[in-house]
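[1] Model the following, please.
(chains A and B)
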Amino acid sequence: EPEVTQTPSHQVTQMGQEVILRCVPISNHLYFYWYRQILGQKVEFLVSFYNNEISEKSEIFDDQFSVERPDGSNFTLKIRSTKLEDSAMYFCASRLEGLAEETQYFGPGTRLLVL
Amino acid sequence: AQKVTQAQTEISVVEKEDVTLDCVYETRDTTYYLFWYKQPPSGELVFLIRRNSFDEQNEISGRYSWNFQKSTSSFNFTITASQVVDSAVYFCALSELGTGTYKYIFGTGTRLKVLA
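    Next comes the predicted model:
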């Protein structure tokens, strides 16, 4: 069964450093998402991406964040200058286009720790 | 505004007990989808069920069952004969058709501890 993959599974970085989280969505999916889960809290929507542009972003997704689909398979989340509060689990998700296909398929997550 | 409330922060039960996890949602849309996900200690989100707003039929899958009631805006999840492996955090989520992006709004989760 096809699945969403994410790399790395864990990343430790120093405050102020740039990080890039990578995701490979399911190959025929056209909608892509990033979510964040701070330890012990709920999963929060960050951004959705369709047709090579951001379709919606949350208040969390400020200028420090950016997303890109650099080729036909990868979907990346970049945090330009990490802060301590960016420490969280980041989930990528994808789904098929179409009104009936509402299920998003989540990757296993990248656990980011900012020191 | 869309919102999902899981009022139970943590529930502890003894193995083989039945347990119900509550989920109450708010939405202005007439077309929406509700989901339950399980998050084991390893951290991944495991999809359990999807229900659309036009399908109020209750569903049973093995020891799991779901009760969807539009009249009370609730989508509750029951585990019968709980097992230690059911210990996890369970999230309810809502996706509205009207947003266009179909983003998920998650509840705060219920941590279920099943004791041997």
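
[2] where do the strands sit along chain A?
    For chain A, the strands defined by DSSP state E cover A:5-7, A:10-13, A:19-24, A:31-37, A:43-50, A:53-57, A:65-68, A:75-79, A:88-95, A:105-106, A:110-114.

[3] can you list contacts of the helix or strand of chain B with the lowest mean pLDDT?
    Every helix and strand of chain B was ranked by mean pLDDT, DSSP states H and E. The lowest is strand B:59-61, at a mean of 88. The contact list for strand B:59-61 (Cβ atoms under 8 Å, 6 or more residues apart in numbering or on different chains) reads B:Ile49, B:Arg51, B:Ser65, B:Trp66. C-betas here are computed from N, CA, C, even on glycine.

[4] In TSV, list these along with pLDDT and secondary structure.
    Formatted as TSV, the contacts of strand B:59-61 follow (pLDDT from 0 to 100; DSSP: H, G, I helix; E, B strand; the rest coil):
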residue	pLDDT	secondary structure
B:Ile49	92	strand
B:Arg51	91	strand
B:Ser65	94	strand
B:Trp66	94	strand
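
[5] Looking at those, which two lie furthest apart in space?
    Comparing every pair within these by Cβ to Cβ identifies B:Arg51 and B:Ser65 as the most remote, at 12.0 Å.

[6] Just the pLDDT for residue 101.
    No chain in the question, so chain A it is. At A:Glu101, the pLDDT value in this model is 59.

[7] was after chain B, sorry
    pLDDT, B:Thr101: 82.

[8] now do A:Gly98
    At A:Gly98, pLDDT is 68.

[9] Low-confidence regions, chain A specifically.
    For chain A, the stretches flagged by pLDDT under 70 are A:98-101.

[10] Just want the most central residue of it.
    Centrality entry for chain A: nearest residue to the mean C-alpha point is A:Trp34, 3.1 Å, by Cα atoms, centre = their mean.

[11] What parts of chain A come near chain B?
    A:31, A:33, A:35, A:41-45, A:48, A:50, A:55-56, A:89, A:91, A:93, A:95, A:99, A:102-106, A:108-109, A:111 (Cβ under 8 Å from any Cβ of the partner chain).

[12] So how do I select the buried members of the residues you listed in ChimeraX?
    Of the residues of chain A next to chain B, the buried ones go into a single ChimeraX selection, burial set by 16 or more other Cβ atoms under 10 Å in any protein chain shown:
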select /A:31,33,35,42,43,44,45,48,50,55,56,89,91,93,95,102,103,104,105,106,108,109,111
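
[13] circling back to that earlier point, contacting residues around the closest residue to the residue nearest to the centre of chain A other than its chain neighbours?
    If the residues on either side of it in the chain are set aside, A:Trp34 comes closest to A:Leu46, at 4.3 Å by Cβ to Cβ, 6 or more residues apart in numbering or on different chains. Neighbour list for A:Leu46: A:Tyr33, A:Trp34, A:Tyr35, A:Arg36, A:Lys57, A:Ser58, A:Ile60, A:Phe61, A:Phe65, A:Leu77, A:Tyr90 [criterion: Cβ under 8 Å, 6+ apart].

[14] isn't the third one right up against A:Lys42?
    Put plainly, it is A:Tyr35. No - contact criterion Cβ atoms under 8 Å: A:Tyr35 and A:Lys42 do not qualify, at 9.8 Å.

[15] Just the CA atoms of stretch A:66-79, as PDB, please.
    The C-alpha trace of stretch A:66-79 is given here as PDB (Å, rounded to 0.1, in the frame of the first residue of the first chain):
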ATOM      1  CA  SER A  66       8.200  28.200   3.600                       C
ATOM      2  CA  VAL A  67       7.100  25.200   1.500                       C
ATOM      3  CA  GLU A  68       8.300  24.000  -1.800                       C
ATOM      4  CA  ARG A  69       7.700  21.200  -4.200                       C
ATOM      5  CA  PRO A  70      11.100  21.200  -5.900                       C
ATOM      6  CA  ASP A  71      10.400  18.300  -8.100                       C
ATOM      7  CA  GLY A  72       7.700  15.800  -8.900                       C
ATOM      8  CA  SER A  73       8.000  13.800  -5.800                       C
ATOM      9  CA  ASN A  74       9.300  15.900  -2.800                       C
ATOM     10  CA  PHE A  75       7.400  18.400  -0.700                       C
ATOM     11  CA  THR A  76       9.600  20.300   1.800                       C
ATOM     12  CA  LEU A  77       9.000  22.600   4.800                       C
ATOM     13  CA  LYS A  78      11.800  25.000   5.500                       C
ATOM     14  CA  ILE A  79      12.200  26.900   8.800                       C
END
